[in-house]
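Undergrad: model this:
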Amino acid sequence: MTTFVLVHGAWTGAHVWRRLRPLLARRGHAVLAPTLTGLGDRGHLADDGVDLETHVAEVAELLDRTDLHHVALVAHSYGGAVATVVADRRPYRIAHLVYVDALVPRDGESVNDLRRTPAPEGWIMPPGVGADRARAGRMLTLARLAPQPPRTFSQPARLTRPTEAHAFHRTYVRPLDRHPSPGYDRAAARARTQPGWSSYELAGGHDPMLTNPDGLADVLLAIVAGREQP
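TA: All right, here's what the predicted structure looks like:
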């Protein structure tokens, strides 16, 4: 049995994994999916002090509090920045680090450094939503989204070693139907060309946990079983 720890992306919460979780649990695996402070059902905790380190500390503390080992740490989108730092600080708890169309920062890089267009100053709205928090509030609530605390995107990731220097397995899952985006394209290319990585391709767009949960579950199960691309 593997314990999967699922780290969601920007603006959303643990609910994005709702279609994937039972598919993994049915196969006998444990699944934990924390909601990061200031997002999802913890949006009421948002303030200007929430930063990347806040989210890193929360996931690391979850691993410590439950004394988890041989974890499959799975990250989507912005969650890749969180998971990269967590895995650097708790490598002895990680067996598999899996990026699902996620950002993979190097030491000193922020999410803003990796985005196609850096976020404007202030609270960051999802694509297609205006910058006015008050006017956007109803729309975001209906979509189960929340404004992203600005320092989660601007604070650099601090790593003690390159991700490739750790002993855990590293895998990048690239959806086939996503639009080009330099930060994500670079991460996928890194996984294809650097030693110590595996790469998978998956039908669907940027959010396969919602649009292709069965396919994503098959990939994750293959990864932890040590199988090739399903």
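Undergrad: could you use CA atoms for every contact and neighbour count after this?
TA: Noted.
Undergrad: the helices in the protein, which residues?
TA: With helices called from DSSP state H, the chain shows them at 21-25, 52-65, 79-89, 111-114, 133-142, 151-154, 182-193, 208-211, 213-225.
Undergrad: most packed of those?
TA: Compared across the helices of the chain, helix 79-89 shows the largest average neighbour count, a mean of 25 (mean count of other Cα atoms under 10 Å).
Undergrad: can I get it in PDB, CA atoms only?
TA: Backbone C-alpha positions of helix 79-89 (Å, rounded to 0.1, in the frame of the first residue of the first chain) are rendered in PDB as follows:
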ATOM      1  CA  GLY A  79       1.500  22.800  -6.000                       C
ATOM      2  CA  GLY A  80       4.700  21.800  -7.800                       C
ATOM      3  CA  ALA A  81       6.500  24.700  -6.100                       C
ATOM      4  CA  VAL A  82       5.200  23.600  -2.700                       C
ATOM      5  CA  ALA A  83       6.100  19.900  -3.300                       C
ATOM      6  CA  THR A  84       9.600  20.700  -4.600                       C
ATOM      7  CA  VAL A  85      10.500  22.400  -1.400                       C
ATOM      8  CA  VAL A  86       8.700  19.900   0.900                       C
ATOM      9  CA  ALA A  87      10.600  17.000  -0.800                       C
ATOM     10  CA  ASP A  88      13.900  18.800  -0.400                       C
ATOM     11  CA  ARG A  89      13.300  19.200   3.300                       C
END
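Undergrad: what helices or strands is it leaning on?
TA: Secondary-structure packing of helix 79-89 (3 or more Cα pairs under 8 Å, 6 or more residues apart in numbering; DSSP states H and E): strand 3-7, helix 52-65, strand 71-77, strand 94-102.
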